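Asks: Need coordinates for the below:
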Amino acid sequence: MKASVYYETGDPDVFRYEDLPDPICQPGGIVIDVKAISIEGGDVLNRAGGDMPSRPHVVGYQCAGVIREVGANVGDRTVGQPVVAVMPFGSHASLVAVAAMQTWLVPDGMDLQDAACVPIPFGTADECLFELGHLRAGETVLIQAGAGGVGLAAIQLAKRAGATVVATASSDDKLERLKEFGLDHGINYSSDDFVARAREITGGRGVDVVIESVGTTLRGSVECTGYRGRVIQVGNAGRETDSRVDINALSSKNRSLTGVSFANSLMLESQRARPLVEGHLRDVANGSLRVVIDRTYPLSEAAAAHTHIESRQAFGRVVLIP
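Replies: Alright, predicted model coming up:
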C-alpha cells in the first residue's frame, strides 16, 4: 500500500510518500480501501511532536472508504460496504486495518469525503455542548475557532438546539461565512478582545458555555463566562495550553472547567457515544447538518495539506485522497 509516513516528528516536510506492506486483517476486524482521509487537529499536533509507536509512522485517526476484507469473527460487515472509521493512528494510507467496532456504515448515497469528516468533529461538538456543557435553549455559547471542523459542527448543533451562538475566527470573511451555519455574533480575535466582546454581546452578563479548543485562550474563556458558566476544554490547536487559570476565578462565580476527549467516550461509553455518530451521519446525509471541506490534496501531498492547515487559512476540513 501507499502511505505518507515520517521517521521523526517535526514540520510538515518530515512526510515521505512510500510503499508499506499491506495491513493484515484480524479476526475481529476489517481492511478498508481508503477513499478519503480527514486531517484532524490531533494529526497535525502528533506529526509536530507526538508519540511514534513505530518507524516509519503513519499518523491519522479518521478516514472513509470501502471494505476490502472482513475478519472471520465479524458478522455485521461485508466486502464492498462503505464505512467511516476512527483509529489511534494509520489513516494517512491507502489501506487501513481496524476493528469492526471502530467503524460506522455510511448511509446510502452519502459522499465518502463528507463521511470521513463526521465522527470525531461532530461527536466532539455534541459531547462538549450537551453531555458535558449542558447547553439549553435560550443560553449563549461561545465557540472558539469557529471555522474549524469542530467549530463548524458546534455552531450548527448549538443553533439547532435553540442557543445564541457566538464564535471567534481569524478574519471578518470567515465570520461572515459562518452566518449561514447559524452564527449570531462573530468576534475577530485578530483585532478584537474576545473577552470584552463576549461580555458586550451578553449585556455584561457573560456567556453560559465556552467550547475551548485553542488552549492558549483558556484563561480568557473562563473570564468571559457568567455565573455558573461552563468552560469545556477540548484540544489545543494553539499547540500550548494556558495553565494560569486561577481556581478563584472558577469558585467566585460557581464556574466549572471540564476536559473532553470524544475518543475516550467512544472507548469507555460506546453504547452512548456510537449512536451519536450514527445520528450525525444520517443528518449530514439528509442535509440537516453540513460538512465543509476547504480543499483536497492527493495523499502524496500530505506535507502541503498539513502546511495549509497550519497557515490557519482553512475554512472547514482539509481532506487527503489516496
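Asks: separation between the nearest residue to residue 8 once chain neighbours are set aside and residue 52?
Replies: With sequence-adjacent residues excluded and distances taken as C-beta to C-beta, 6 or more residues apart in numbering, residue 8 is closest to residue 14, at 5.9 Å. Any C-beta I mention is one placed from the backbone N, CA and C, and that applies to glycine too. For residue 14, the distance to residue 52 equals 11 Å [C-beta to C-beta, to the nearest Å].
Asks: Are there residues contacting both of these two? Which ones?
Replies: Listed contacts common to residue 14 and residue 52 are residue 8; contacts here mean C-beta atoms under 8 Å, 6 or more residues apart in numbering.
Asks: and residue 4, what element?
Replies: For residue 4, the enclosing helix or strand under DSSP states H and E is strand 2-5.
Asks: Which SSE is immediately downstream of that strand?
Replies: Using DSSP H and E, the helix or strand that follows strand 2-5 towards the C-terminus is strand 16-19.
Asks: tell me what the helix or strand following that next one is packed against?
Replies: Proceeding C-terminally, strand 16-19 gives way to strand 29-38 as the next helix or strand, assigned by DSSP H and E. Secondary structure elements in contact with strand 29-38, counted by 3 or more C-beta pairs under 8 Å, 6 or more residues apart in numbering; DSSP states H and E, are strand 62-70, strand 82-86, strand 95-99, helix 112-116, strand 317-321.
Asks: Neighbouring strands - and their directions - for strand 29-38?
Replies: If you go by DSSP bridges, strand 29-38 pairs up with strand 62-70 (antiparallel), strand 95-99 (antiparallel), strand 317-321 (antiparallel).
Asks: Dump those strands to TSV, plus mean neighbour count.
Replies: Below are these laid out as TSV (neighbours: other C-beta atoms under 10 Å):
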stretch	mean neighbour count
strand 62-70	22
strand 95-99	21
strand 317-321	24
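Asks: Identify whichever of those strands lies nearest to residue 20.
Replies: Between residue 20 and these, the tightest spacing by C-beta to C-beta is seen for strand 95-99, at 8.9 Å.
Asks: what mean pLDDT would you report for the closest one?
Replies: Mean pLDDT, taken over the full extent of strand 95-99, equals 98.
Asks: cool, and stretch 206-219?
Replies: Taken as a whole, stretch 206-219 has a mean pLDDT of 93.
Asks: Kindly check the end-to-end length of that stretch for me.
Replies: Distance across stretch 206-219, first residue to last, is 14 Å (C-alpha to C-alpha, to the nearest Å).
Asks: Show me which residues of it are buried.
Replies: Burial within stretch 206-219, assessed by neighbour count using 16 or more other C-beta atoms under 10 Å, is assigned to 206-215, 217-219.
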